[in-house]
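*Asks:* Okay, structure incoming, though there's no sequence with it:
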């Protein structure tokens with residue numbers, strides 16, 4: 001009887017030990033499975049964190065490159081571009097430091113993603129401003145080219161008008177000169193009765209009579225007009241005598257001063273005038289005596305007489 005009781009006690013003790021061992025194994029198995037799962041979760045989170053970090057870092061680099069491409073397009077935006085690039089560099093450096101020290105969290109990555117979203121808005125705004133600046137520059141260039149073309153045309157027209165005005169002025173100036181068609185030159189002698197008669201011999205000549213008509217000229221303004229008569233002897237010398245009103249025309253067509261024999265001042269009324277000038281000195285040499293009539297330095301009439 002006692003032996004059976006001992007056997008039953010041993011059986012109960014064995015069963016209790018087995019149950020205890022099963023419980024212990026169950027606890028160890030639970031903790032093992034839990035720890036393994038936790039490790040797997042941590043590894044998975046770390047892998048995801050690494051991937052997200054690389055993605056965010058690459059995106060920051062891409063956005064910085066996008067911003068850098070806008071530099072130099074508009075001087076007014078370069079300062080803003082530099083500031084934005086500095087913020088991106090700072091954010092990337094902070095993420096890199098946290099990644100190296102294993103303190104990087106999803107919250108920091110989410111913060112960086114929000115910054116990237118803001119960067120995209122900023123980049124779009126900058127691109128729009130650059131596009132508008134290009135359009136304005138293109139428009140200003142076109143307007144400048146048009147202005148240059150218009151200015152060139154205006155200068156051409158002005159030059160043409162100036163040339164036309166110069167030509168017109170020259171025409172008016174030329175038109176203001178008298179056109180004396182004929183200058184009569186005669187050697188004269190007075191008879192006993194005082195009547196003048198023409199002679200052909202130099203020895204018989206007492207005076208040279210120069211006569212001409214001015215003709216009508218409506219361009220030449222009314223007023224005093226001075227005509228200068230130049231008589232040239234056969235040797236090519238100008239006949240002159242200061243006491244009889246001879247002098248010098250200061251400037252003529254050839255830009256040289258010319259001596260004149262006698263001056264005739266007329267009151268010009270834009271109508272035909274008959275002019276007669278006499279000269280009575282140094283006309284004894286035979287040959288051709290030429291006469292030139294000057295107005296404002298221009299020859300307006302010519303004539304000649306040959307004496308034997």
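*Replies:* In hand now; what should we look at? Keep in mind the model is a prediction, meaning the values are calculated, not measured.
*Asks:* CA only for contacts and neighbour counts going forward, please
*Replies:* Noted.
*Asks:* Helices of this structure, start to end?
*Replies:* 2-68, 75-100, 106-175 (DSSP state H).
*Asks:* Could I get the buried residue list for the second one?
*Replies:* In other words, helix 75-100. For helix 75-100, a neighbour-count test (16 or more other CA atoms under 10 Å) marks 78, 81, 84, 85, 88, 91, 92, 95, 96 as buried.
*Asks:* Turn these into a markdown table, columns for distance to residue 10 and pLDDT.
*Replies:* Below are these laid out as a markdown table (distance: CA to CA, whole Å; pLDDT from 0 to 100):
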| residue | distance to residue 10 | pLDDT |
| --- | --- | --- |
| 78 | 91 | 72 |
| 81 | 87 | 73 |
| 84 | 82 | 72 |
| 85 | 81 | 73 |
| 88 | 76 | 77 |
| 91 | 72 | 73 |
| 92 | 71 | 72 |
| 95 | 66 | 74 |
| 96 | 66 | 78 |
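*Asks:* want to throw those into CSV with distance to residue 307?
*Replies:* As requested, the buried residues of helix 75-100 are exported to CSV (distance: CA to CA, whole Å):
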residue, distance to residue 307
78, 98
81, 103
84, 108
85, 108
88, 113
91, 118
92, 118
95, 123
96, 123
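*Asks:* from those residues, which is closest to residue 265?
*Replies:* residue 78 (81.4 Å; CA to CA).
*Asks:* shouldn't the closest one be in contact with residue 71?
*Replies:* Yes: contact criterion CA atoms under 8 Å: residue 78 and residue 71 qualify, at 5.7 Å.
*Asks:* coming back round to it: which one of the buried residues of helix 75-100 sits closest to residue 263?
*Replies:* Top of the list for closeness to residue 263, among the buried residues of helix 75-100 and by CA to CA, is residue 78 at 82.7 Å.
*Asks:* ok, back up a step: which two among the buried residues of helix 75-100 are spaced furthest apart?
*Replies:* 78 and 96 (26.8 Å).
*Asks:* residues near residue 307, how many?
*Replies:* 21 (other CA atoms under 10 Å).
*Asks:* any idea how far it lies from residue 235?
*Replies:* For residue 307, the distance to residue 235 equals 13 Å [CA to CA, to the nearest Å].
*Asks:* same thing with residue 88?
*Replies:* For residue 88, the distance to residue 235 - CA to CA - is 104 Å.
*Asks:* One more: residue 245?
*Replies:* 22 Å.
*Asks:* how far is stretch 238-248 from where the chain is centred?
*Replies:* 60 Å (CA atoms, centre = their mean, to the nearest Å).
*Asks:* Can you show me the strands along the stretch 201-308 of the chain?
*Replies:* Counting by DSSP state E, counting those that start in this stretch, the stretch 201-308 of the chain has strands at residues 207-213, 223-232, 247-249, 258-260, 262-268, 274-279, 287-295, 298-307.
*Asks:* do you know which of these lies nearest residue 113?
*Replies:* strand 298-307 (94.9 Å).
*Asks:* tell me which strands and helices the closest one is in contact with?
*Replies:* strand 183-190, strand 287-295 (3 or more CA pairs under 8 Å, 6 or more residues apart in numbering; DSSP states H and E).
*Asks:* what's the distance between it and the middle of its chain?
*Replies:* Distance, centroid of strand 298-307 to centroid of chain: 57 Å (CA atoms, centre = their mean).
*Asks:* what's in contact with that strand?
*Replies:* 177-187, 200-202, 252-253, 286-294 (CA atoms under 8 Å, 6 or more residues apart in numbering).
*Asks:* Buried residues in that strand, which are they?
*Replies:* 298, 299, 300, 301, 302, 303, 304, 305, 306, 307.
*Asks:* Redo those residues as a markdown table? Include distance to residue 12.
*Replies:* Formatted as a markdown table, these follow (distance: CA to CA, whole Å):
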| residue | distance to residue 12 |
| --- | --- |
| 298 | 160 |
| 299 | 163 |
| 300 | 164 |
| 301 | 167 |
| 302 | 169 |
| 303 | 173 |
| 304 | 176 |
| 305 | 180 |
| 306 | 181 |
| 307 | 185 |
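*Asks:* Looking at those residues, which is nearest residue 218?
*Replies:* residue 300 (16.0 Å).
*Asks:* can you count the residues close to residue 151?
*Replies:* Based on other CA under 10 Å, the number of other residues close to residue 151 is 12.
*Asks:* Please read off the pLDDT at residue 7 from the model.
*Replies:* Residue 7 is assigned a pLDDT of 64 by the prediction.
*Asks:* looking at it, residue 257 is touching residue 250, isn't it?
*Replies:* Yes: counting by CA under 8 Å, residue 257 touches residue 250, with 4.5 Å between them.
*Asks:* where does the stretch 151-300 of the chain have low pLDDT?
*Replies:* The model of the stretch 151-300 of the chain has pLDDT under 70 over residues 157-174.
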